[in-house]
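Visitor: Next one to model:
(2 chains)
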Protein chains: 2
Amino acid sequence: MNEQYLQILGQQAKQASFALANLSAPQKATLLSTIAAQLTAAADEIVAANQQDVEAAKAAGLNQAMIDRLLLDKTRLAGVIADIDNVIALADPIGREFDSRLLDNGMRLCRRSVPLGVIGVIYEARPNVTVDIAVLALKTGNAVILRGGKETLNSNRALAKVIRAAVASCGLPEDAVQLIDNPDRALVTGLLKLDQYVDMIVPRGGDKLQRLCAEQATIPVILGGIGICHLYVDKAADLARSTDVIINAKVQRPTVCNALDTVLVHEQVAAQYLPLLAQALSDKGVKLVGCEITRGLLSGFDVAVADDTSFATEWLSLTIGIKVVGDIDHAIDHIRQFSSGHSEAILTDDIAAATHFMNEVNSAAVYLNASTRFTDGGQFGLGAEVAVSTQKLHARGPMGLEALTTYKWLGVGDYTARS
Amino acid sequence: MNEQYLQILGQQAKQASFALANLSAPQKATLLSTIAAQLTAAADEIVAANQQDVEAAKAAGLNQAMIDRLLLDKTRLAGVIADIDNVIALADPIGREFDSRLLDNGMRLCRRSVPLGVIGVIYEARPNVTVDIAVLALKTGNAVILRGGKETLNSNRALAKVIRAAVASCGLPEDAVQLIDNPDRALVTGLLKLDQYVDMIVPRGGDKLQRLCAEQATIPVILGGIGICHLYVDKAADLARSTDVIINAKVQRPTVCNALDTVLVHEQVAAQYLPLLAQALSDKGVKLVGCEITRGLLSGFDVAVADDTSFATEWLSLTIGIKVVGDIDHAIDHIRQFSSGHSEAILTDDIAAATHFMNEVNSAAVYLNASTRFTDGGQFGLGAEVAVSTQKLHARGPMGLEALTTYKWLGVGDYTARS
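Guide: Numbers count the residues shown, from 1 in each chain, chains lettered A, B, ... in the order given. Predicted coordinates for the structure are as follows:
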């Protein structure tokens, strides 16, 4: 039953993708404008559907943060719709030809950027993602299969209905955007094995979802969004200026993947700096989890015991790990052992230390004298963000439109045979 | 037991990868030259080990093609070693910085090309692959775990021993190149799940190996090497010049993935052309498998009945499928249904037909008036070929050195916090 449903879903998506692949940039702009207009026109209906989800969430006793996350009121919906204009304004990444060359046999060869085809996105209870991803997929000529959190089923149904109608009103197949609106979890596993039709899976969710996708998918998956992020305070750091950066990295938005998890401090400055840093962090309500040396230096503070488990934790809250390291290579070793490959930073005024760190640390983003919080499609000027990849193939770090494209090789001969 | 063995293998590879990642181009050239020299010096030993494999293969009753494939005599070994010089001569793809930009907050951001880290390669009984892949991996600063066919175990052991000694003699960790020299198949499945240490798996083998990797791997896999390739003879094709291209695509080397499998012929030229084509193919010993219309038009020839199963077959032999299509869109539909996404071609002198085909057919390589046989790293001028990818992420078509690299984002601020 599920299998047949998914097969049809996949076939429809693949078929729709053919109609999208060669749309011109103006055609896609018109499509996205139409979606924006029809979402605006259907705002009451969408907000009402979301209200059902909110009521159900309250009745189910979900916590306030969760309920806030799934809320889509008029103001937020307007923001989501306004973002469509930003996507329309981005350059179309499709159809560009590059690496053109004339082979010795006279054949002209090049690569042309083309859509991936069909993208599957699995995400949590954030209804804005339904619109964001559909718009980014269509902008790049891809069909998309959406699977959102069950807590936002009514919202997602309302949004998908409007988007599909808008697609159809532009003379395009509505199956360009399909929502799996059955909360059965077996459909997620089934989607991950639909390799005949789906070209890429993007899981936007926590560690459990990422592992499920890595283990079950027969389709290429872009893992990401898990950030165990480090910042190393070198002995040559400007300590007076360091605290603001660390506070920013930890406190500005502690629940996101680019928030700081562990600060590593060179032992030569630890005694001087750690009490100042601990005070500043404590003032912001940050809980401290420190190594033995840290705890010794911070006897006036409440510092929990850090171990390998805590250093391997993505806090997603106002907690920070602190470790004193003997030198920069110890810092690098610690990062290699515990990092999820997302974002790391060094604070130093020493060029050799900076170069060494930037060379040896191999995460998606490595910063010199900057906060880890910058790892973000908007901050990087990509104009949009599909996800943040922590794997190394295809896309790394913040994924913009380019990550939803691939290329094909085009060869033009004159009845040319290989000799 | 196996699990512990693989864990250690993975750890050693990851550790070795750190030492390789920042080697300069001259250092890597020296390393590869040393490998070439030491392979030359050990030629007798390597050829003797290969002779053991050849004897065992003969004793086991392997067919001549298989035995020929695993043979590594002095001449062939010299060729493999000579190829190392070609790799040395290629530009080093590592360390290039690109997409540099100055963000509004003053941060300088760029991407830098870096090695993937650790690559796992699973391949058949071709001992040359052991050297080829090790050399390409080292050239790009990657550590590699090799798993070759059991029929070449002695050859691979001899080759890996020399390569590892050469690596060590350059002051680098010999675990940069590791060979799984235990024929237990469970080690392949185990390798596919070593995601903590291995960054990419490249399976170089048939459909069964590809499926095993797609289904079992928790590591990103580059699928490829399966080519169900099509050539469409348009009504506006220069028929007199078409036959040479088709013969080339089918006959030049029928056992490889870019060889032609199915020829599609526009119905308006089928009656005129098919007898000529069939005669030319038959003269070369090609067996014909045709649709009903084809069989009607080729009553004087021995044409087996084509069905969906035969059209979904990668022949890898002197057999060809033939189908008469009503128009170009029927040809495109057939390709979309049966292609493995490797290589397709159109023969036509009509610009509109050519453009339509090149736009609508989305395989790794699409040709106008050329043989499918061109899909090859050497032919494309990539200088080397790791594999031919038929998937859309990371690398598509012939994979050169670039496919063994990724990038990291580097941000340089001035104690910059996100506002």
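Visitor: and the lowest-mean-pLDDT helix or strand in chain A, how far out from the chain's middle?
Guide: Taking mean pLDDT, DSSP states H and E as the measure, chain A has helix A:64-70 as its least confident helix or strand, at a mean of 90. When C-alpha coordinates are averaged (Cα atoms, centre = their mean, to the nearest Å), helix A:64-70 and its chain have centres 19 Å apart.
Visitor: for stretch A:287-297, same thing?
Guide: Relative to its chain's centre, stretch A:287-297 lies at 32 Å (Cα atoms, centre = their mean).
Visitor: do stretch A:24-31 as well
Guide: Distance, stretch centre to chain centre, for stretch A:24-31: 25 Å (Cα atoms, centre = their mean).
Visitor: Check stretch A:101-115 too.
Guide: Here the centre of stretch A:101-115 is set off from its chain's centre by 33 Å, with Cα atoms, centre = their mean.
Visitor: ditto for stretch A:375-391
Guide: That offset, for stretch A:375-391, works out to 7 Å (Cα atoms, centre = their mean).
Visitor: Quick check: next helix or strand after the least confident helix or strand of chain A?
Guide: Next along the chain after helix A:64-70, taking DSSP states H and E as the criterion, comes helix A:74-89.
Visitor: Quick one: check that next one for contact with chain B.
Guide: No. Helix A:74-89 does not reach chain B (Cβ under 8 Å from any Cβ of the partner chain); its nearest approach is 15.8 Å. All C-beta atoms are positioned from the backbone trio N, CA, C, and that covers glycine.
Visitor: Report all helices and strands that the helix or strand hosting residue A:368 contacts.
Guide: Applying DSSP H and E as the criterion places residue A:368 in strand A:365-370. Contact here means 3 or more Cβ pairs under 8 Å, 6 or more residues apart in numbering or on different chains; DSSP states H and E; on that basis strand A:365-370 packs against strand A:343-347, helix A:351-360, strand B:405-416.
Visitor: which residues pair with residue A:324 across the strands?
Guide: For residue A:324, the beta-bridge partners are residue A:265 (DSSP bridges).
Visitor: which residues does it contact?
Guide: By Cβ atoms under 8 Å, 6 or more residues apart in numbering or on different chains, the contact set of residue A:324 is A:264, A:265, A:266, A:267, A:270, A:274, A:291, A:293, A:294, A:297.
Visitor: Please repeat the previous calculation with a cut-off of 7 Å.
Guide: Applying Cβ atoms under 7 Å, 6 or more residues apart in numbering or on different chains to residue A:324 gives the contacts A:265, A:267, A:270, A:291, A:293, A:294.
Visitor: Would you mind checking these for buried ones?
Guide: A:265, A:270, A:291, A:293, A:294 (16 or more other Cβ atoms under 10 Å in any protein chain shown).
Visitor: so of those, which ones are in strands?
Guide: Residues of the buried ones among the contacts of residue A:324 located in strands (DSSP state E): residue A:265.
Visitor: List the ones among the buried ones among the contacts of residue A:324 that fall in helices.
Guide: Of the buried ones among the contacts of residue A:324, the ones assigned to helices by DSSP state H are A:270, A:293, A:294.
Visitor: Which residues of the stretch 251-400 of chain A lie near chain B?
Guide: By the rule Cβ under 7 Å from any Cβ of the partner chain, the part of the stretch 251-400 of chain A lying against chain B is A:252, A:347, A:358-359, A:362-371, A:373-374, A:379-381, A:391-394, A:396-397.
Visitor: Please spell out the ChimeraX selection for the buried subset of those.
Guide: Here is the ChimeraX command that selects only those of these that count as buried (16+ other Cβ under 10 Å):
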select /A:252,347,358,359,362,363,364,365,366,367,368,369,370,371,373,374,379,380,391,392,393,394,396,397
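Visitor: Contact partners for residue A:274?
Guide: For residue A:274, the contacting residues are A:265, A:294, A:297, A:298, by Cβ under 7 Å, 6+ apart.
Visitor: Which residue comes closest to the second one once chain neighbours are left out?
Guide: Leaving aside its chain neighbours, residue A:294 sits nearest to residue A:322 (4.6 Å; criterion: Cβ to Cβ, 6 or more residues apart in numbering or on different chains).
Visitor: any idea how far the one you found is from chain B?
Guide: With the distance defined as Cβ to the nearest Cβ, to the nearest Å, residue A:322 ends up 19 Å from chain B.
Visitor: same question for stretch A:124-139, mean pLDDT?
Guide: For stretch A:124-139, mean pLDDT rounds to 95.
Visitor: ranges for the helices of the stretch 101-250 of chain A?
Guide: Taking DSSP state H, counting those that start in this stretch as the criterion, the stretch 101-250 of chain A contains helices spanning A:127-139, A:153-169, A:186-191, A:207-216, A:239-251.
Visitor: Name the residues of the shortest one that are buried.
Guide: Right, the one you point to is helix A:186-191. Of the residues in helix A:186-191, A:187, A:188, A:189, A:190, A:191 count as buried by neighbour count, 16+ other Cβ under 10 Å.
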